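Engineer: Next one to model:
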Amino acid sequence: MVQIAGYLKTSLIEWPGKIAAVIFVPGCNFRCPFCHNSDLSDPQKQPKLTFFEEGEIFADLKKRQKWVDAIVVTGGEPTLQPELAGFLKELKKMGFLTMIETNGSKPETITRLLKDGLIDFVAMDYKGNFDNYQNFINVKCQMSNVKSSMELILKSGIGCEFRTTVVPGLHNEKILIQMAGEIRSLIENCKLKIVNYRWVLQNFRPTNCLDLRFSELKPFTSGELKQSLKIVQKIIPTAEIRGD
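Structural biologist: Next comes the predicted model:
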């Protein structure tokens, strides 16, 4: 069974253009200091969470099939859940479109889900420039896994987006330009002419941060974020801002 630590019955923003229900799973192998879902990512806080039974969720979704288009599984990190594939399969049987939000650390899981046709959309966190990725996630990480996941998603043919939370002190225009170049290089290396993807810049929210010091930071202004967007759109025209 998949552990379920949160359930949002209706969302209009997680999957633009779709009415979605959102399922939150606990546990994450990254320790991003700016994470605002610290209750899900911090093992010390997880015993205090309220968990839902799978059957309870399925029963509620069955009642709401007529007006809910899709189910988004987020976290935490969904690919750490051993029973994720079976859970998604049940959702597909019910007729829902499915999406996962992932940090890309488990390309082998993404490969299986894509191969079995269990996901219709992938949103992957793209934390920062590859050379300094550890600064953004606060753990050692095999960058080959992150890059492989990005390539898998780009090549999959399904809808996808990369999401970057833009954080003062961690991101600046120089780093965002480097990141835009990295996406462009991946597309060129994959020899892809048409890719159904977006790069979404999200403003940092100083609430419930994993590292409490980040709760004292002042987010970028809307104007600052829009200026950065103009610059990176010269490299990645599909870049956009969400929730500024």
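Engineer: what about residue 17, is that helix, strand or coil?
Structural biologist: When classified by DSSP: H, G, I helix; E, B strand; the rest coil, residue 17 comes out as coil.
Engineer: okay, now it: neighbour count?
Structural biologist: Neighbour count for residue 17, taken as other Cβ atoms under 10 Å: 9. Bear in mind the C-beta positions are built from the backbone N, C-alpha and C, glycine included.
Engineer: go on, residue 175?
Structural biologist: Residue 175 - counted by other Cβ under 10 Å - has 19 other residues nearby.
Engineer: Give me the spatial nearest neighbour of it, chain neighbours excluded.
Structural biologist: Excluding the flanking residues, the one nearest residue 175 by Cβ to Cβ, 6 or more residues apart in numbering is residue 129, at 5.2 Å.
Engineer: With residue 183 instead?
Structural biologist: That would be residue 236: by Cβ to Cβ, 6+ apart, it lies 5.7 Å from residue 183.
Engineer: separation between that neighbour and residue 229?
Structural biologist: Using Cβ to Cβ, to the nearest Å, residue 236 is found at 10 Å from residue 229.
Engineer: These two: who's more crowded?
Structural biologist: residue 236 (21 against 18).
Engineer: Now name the helix or strand holding that one.
Structural biologist: In the assignment (DSSP states H and E), residue 236 maps to no helix and no strand.
Engineer: didn't it look like it was pressed against residue 182?
Structural biologist: No - with contact defined as Cβ atoms under 8 Å, residue 236 and residue 182 do not form a contacting pair (10.0 Å).
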